[in-house]
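**Student:** predicted model, plus sequence, below.
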Amino acid sequence: MYEQDVAVYDSRRIVPANAHTSPTTERPLVRRTLILVAVAFMALTLVLPLVLVFVEAFRKGADTYFAAFADRHSQTAIALTLTVAAIAVPLNLVFGVAAAWCVAKYEFWGKSFLTTLIDLPFSVSPVVSGMVYVLLFGAQSVLGPWLRSMGIEIIFAVPGIVLATIFVTFPFIARELIPLMQAQGSTDEEAALSLGATGWQTFWRVTLPNIKWGLLYGVLLCNARAMGEFGAVSVVSGHIRGRTTTMPLDIEILYNEYNFAAAFAVASLLALLALVTLLIKTILEVRFGAELAGTRRH
Amino acid sequence: MKTAPRLLAAGALVAALGLATAITARAADQTLLNVSYDPTRELYAQFNEAFARHWKDTTGNTVTIEQSHGGSGKQAQAVIDGLAADVVTLALEGDINAIAEKSGLIDENWRAELPNKSTPYTSTIVFLVRKGNPKAIAAWGDLIEDGVEVITPNPKTSGGARWNYLAAWAWASKANAGDEQKTVDFIKALYGNVPVLDTGARGSTVTFAQKELGDVLLAWENEAFLVLDEFGAGDFDIVYPSSSILAEPPVAIVDKNVEARGTAAVAKAYLDYLYSPEGQTLAAANHYRPSDPAGVTDPALIAAFPAIDLISIDDPLFGGWKTAQPKHFGDGGIFDQIYTPAQ
């Protein structure tokens, strides 16, 4: 039996290329097992927890679910989360485009170092990112007493939360654009310049249309992380309820108060925001697949 | 494509401006920030409402009290790093001392500023067991029996856990007529029965009550009652050991912060109100033992606290926090020597 199998297996390799063959050479049983394992793993680690969030949120009924959002502290947490994202994402949009432009269009000394630096927030633990700001702006830091005398609050206030969020979400847009811009090269821009366009005209009319889908993609990812960030924000927040708690921090507080239904209700809203982001991303991919090809790495 | 980035930029500007106005609008009201530890959430939620009413009635002014809760040591560090607390209500005297020493924000003699060594309410450590007490746990000695799983947080990271440890130590020291080696052996056997050391008291409570791990939870008295309220009295029983520790969570005004913010008067009134009959009654209703029981308006609340032998940290057995902390919980201290994680 074994030899016969081998013979069948071998015979497949000599069929002409235009005949219908499977792109892989694994046997169907192996293939199905692999697919099953992958799907089961995904269901167990990704889908099930997400479903459970919603099950827990609605455990005590829809009334309790919606009552969670009537709470004043939860409302300010939602507002703060949206405010932080509304500041951090546009700033990272500007930084991201500028950084990607630098790296992709110019050759300069220290470029690889800059690229590594852009990736730093990915490799550093978010807790460390938060601690860095405490060390930099905290009352015991060099800057602390001066900031205090000027009446400027950074740590344990909204500016600190925004800074920490910007730090953590910095690479998303730049990382999305760098490979895309590198692949596109600078020939389009050179053509525009040689036809007499100014620098700004070239950017608005040539570069931006070329990268718009990759940019949108990066903004979506950046936004999802900005709203969901816990570790770095937790360190710099001070956990003042109704003032410096974002949605992820509010979820932790509600959970610690044994208010599980409300904790999962807010968690479900956060999950929903992430799902909407994913949905938009998928729609973009389906509709503009070809243009997005250069950035399809996630 | 010209408009999209402009819209985004305009949006960011509007958001930033909105934020700035929101912050200044809040600054016009008088606010007070109370930085506290984990188990006091429910107490201060009620007390803050009562105090805001009292302040309005007596002065006509409006005060909004903001709360920040977390592990006691972590909260003290946040105040040191610049969290602008007006008052701190923490689990351990040592945490407030740390703020006074490291940042100078609190006067060194803070313990003398308010009655009863600046401790408006006290608490103690009790046992929480499963309904019907299936393992028949009645005394500290029962905790080292084979097959008894004890849930308590890590005394290296949790203030509450240190009280648990010291309560066990106080009983064992007395039971062994002061023989320190036998006391250490008891503590070692006790922590040998701990399957998991959470980092904080709330974590341990969730481990015991929600994840249903272990046979007995060493808990704050108020935390044990809270579990009965939150998870249902039908699943748990509270067991009072013959002796336990007198836990004294102190309060203090953060002097430099109230000076800078102009909140000295309202901060002082806030802490004083904790000692008023209303404050003491609220403390008792939240299962904290009032420091002035005579003021409590409902005698049934006082009757609910069984009289057990409570040993203070200032007892010669411990010699105060300044001696007990390094001896038991410092690096290389007794806890480090006896504890090896369960396999």
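**Tutor:** Okay, I see it. Numbers count the residues shown, from 1 in each chain, chains lettered A, B, ... in the order given.
**Student:** burial measure for the residue in the stretch 101-250 of chain B positioned nearest to chain A, as a count.
**Tutor:** For the stretch 101-250 of chain B, the nearest residue to chain A under the criterion Cβ to the nearest Cβ is B:Glu230, separated by 4.3 Å. Quick note: C-beta positions are derived from backbone N, CA and C, even for glycine. Applying other Cβ atoms under 10 Å in any protein chain shown, we find 15 residues neighbouring B:Glu230.
**Student:** who are the contact partners of the closest residue to A:Asp250 other than its chain neighbours?
**Tutor:** Sequence neighbours aside, A:Ala77 is the residue nearest to A:Asp250 in space, at 3.7 Å (criterion: Cβ to Cβ, 6 or more residues apart in numbering or on different chains). The neighbours of A:Ala77, taking Cβ atoms under 8 Å, 6 or more residues apart in numbering or on different chains as the test, are A:Gly242, A:Thr245, A:Thr246, A:Met247, A:Leu249, A:Asp250, A:Val266.
**Student:** for the residues you listed, which two are the farthest from each other?
**Tutor:** Farthest-apart pair in the contacts of A:Ala77 is A:Gly242 and A:Val266; separation 14.0 Å (Cβ to Cβ).
**Student:** who's more crowded, these two?
**Tutor:** For A:Gly242 versus A:Val266, neighbours defined as other Cβ under 10 Å are more numerous around A:Val266 (25 against 18).
**Student:** now the strand or helix carrying the more buried one: mean pLDDT?
**Tutor:** Secondary structure assigned from DSSP states H and E places A:Val266 in helix A:260-287. Across helix A:260-287, pLDDT averages out at 88.
**Student:** elements contacting it?
**Tutor:** helix A:48-57, helix A:61-70, helix A:72-105, helix A:208-228, helix A:247-256 (3 or more Cβ pairs under 8 Å, 6 or more residues apart in numbering or on different chains; DSSP states H and E).
**Student:** out of the ones you listed, which is closest to A:Gly138?
**Tutor:** helix A:247-256 (18.6 Å).
**Student:** need the contact list for B:Gly147.
**Tutor:** B:Lys135.
**Student:** could you pull up phi and psi at it?
**Tutor:** With angles defined as degrees, to the nearest 10, B:Gly147 sits at phi 80, psi 0.
**Student:** again, but for B:Asp215
**Tutor:** phi -100, psi -30.
**Student:** same deal with B:Ser123?
**Tutor:** Dihedral angles for B:Ser123 - degrees, to the nearest 10 - are phi -150, psi 180.
**Student:** how close does it get to B:Lys74?
**Tutor:** 20 Å (Cβ to Cβ, to the nearest Å).
**Student:** which one's more surrounded, those two?
**Tutor:** The neighbour count for B:Ser123 versus B:Lys74, taken as other Cβ under 10 Å, is higher for B:Ser123 (26 against 17).
**Student:** what's opposite the more buried one in the beta bridge?
**Tutor:** B:Ala247 (DSSP bridges).
**Student:** hmm, it is touching B:Asn222, no?
**Tutor:** Yes. If you go by Cβ atoms under 8 Å, B:Ser123 and B:Asn222 touch, sitting 5.8 Å apart.
**Student:** overlap in contacts, the two.
**Tutor:** By Cβ under 8 Å, 6+ apart, the residues touching both B:Ser123 and B:Asn222 are B:His287, B:Tyr288.
**Student:** can you say which helix or strand has B:Val35 in it?
**Tutor:** Assigned by DSSP H and E, B:Val35 falls in strand B:30-37.
**Student:** now do the buried residues in the helix or strand containing A:Pro121.
**Tutor:** Per DSSP H and E, A:Pro121 falls inside helix A:111-123. For helix A:111-123, a neighbour-count test (16 or more other Cβ atoms under 10 Å in any protein chain shown) marks A:Ile118, A:Pro121 as buried.
**Student:** re earlier: name the helices or strands packed onto the strand holding B:Val35?
**Tutor:** helix B:41-59, strand B:63-70, helix B:72-80, strand B:87-89, helix B:264-274.
**Student:** could you give the number of residues near A:Gln75?
**Tutor:** A:Gln75, neighbours per other Cβ under 10 Å, totals 13.
**Student:** quick one: it and A:Phe69 touch, right?
**Tutor:** Yes. Using Cβ under 8 Å, A:Gln75 is in contact with A:Phe69, at 6.9 Å.
**Student:** where does the prediction get shaky in the chain?
**Tutor:** This is for chain A. Low-confidence segments of chain A, defined by pLDDT under 70: A:1-24, A:289-298.
**Student:** think we crossed wires, I meant chain B
**Tutor:** Across chain B, residues meeting the criterion (pLDDT under 70) sit at B:1-28, B:341-343.
**Student:** what about the strands in it?
**Tutor:** B:30-37, B:63-70, B:87-89, B:121-122, B:125-130, B:150-151, B:216-220, B:236-239, B:243-246, B:251-253, B:289-290, B:309-312 (DSSP state E).
**Student:** export the ones you listed to a markdown table and tack on mean neighbour count?
**Tutor:** What follows is these, written out as a markdown table (neighbours: other Cβ atoms under 10 Å in any protein chain shown):
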| stretch | mean neighbour count |
| --- | --- |
| strand B:30-37 | 24 |
| strand B:63-70 | 21 |
| strand B:87-89 | 26 |
| strand B:121-122 | 23 |
| strand B:125-130 | 23 |
| strand B:150-151 | 24 |
| strand B:216-220 | 27 |
| strand B:236-239 | 16 |
| strand B:243-246 | 22 |
| strand B:251-253 | 24 |
| strand B:289-290 | 22 |
| strand B:309-312 | 16 |
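**Student:** and those strands as a markdown table, adding distance to B:Lys102?
**Tutor:** Formatted as a markdown table, the strands of chain B follow (distance: least, Cβ to Cβ, whole Å):
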| stretch | distance to B:Lys102 |
| --- | --- |
| strand B:30-37 | 15 |
| strand B:63-70 | 18 |
| strand B:87-89 | 13 |
| strand B:121-122 | 26 |
| strand B:125-130 | 28 |
| strand B:150-151 | 33 |
| strand B:216-220 | 27 |
| strand B:236-239 | 38 |
| strand B:243-246 | 26 |
| strand B:251-253 | 14 |
| strand B:289-290 | 30 |
| strand B:309-312 | 26 |
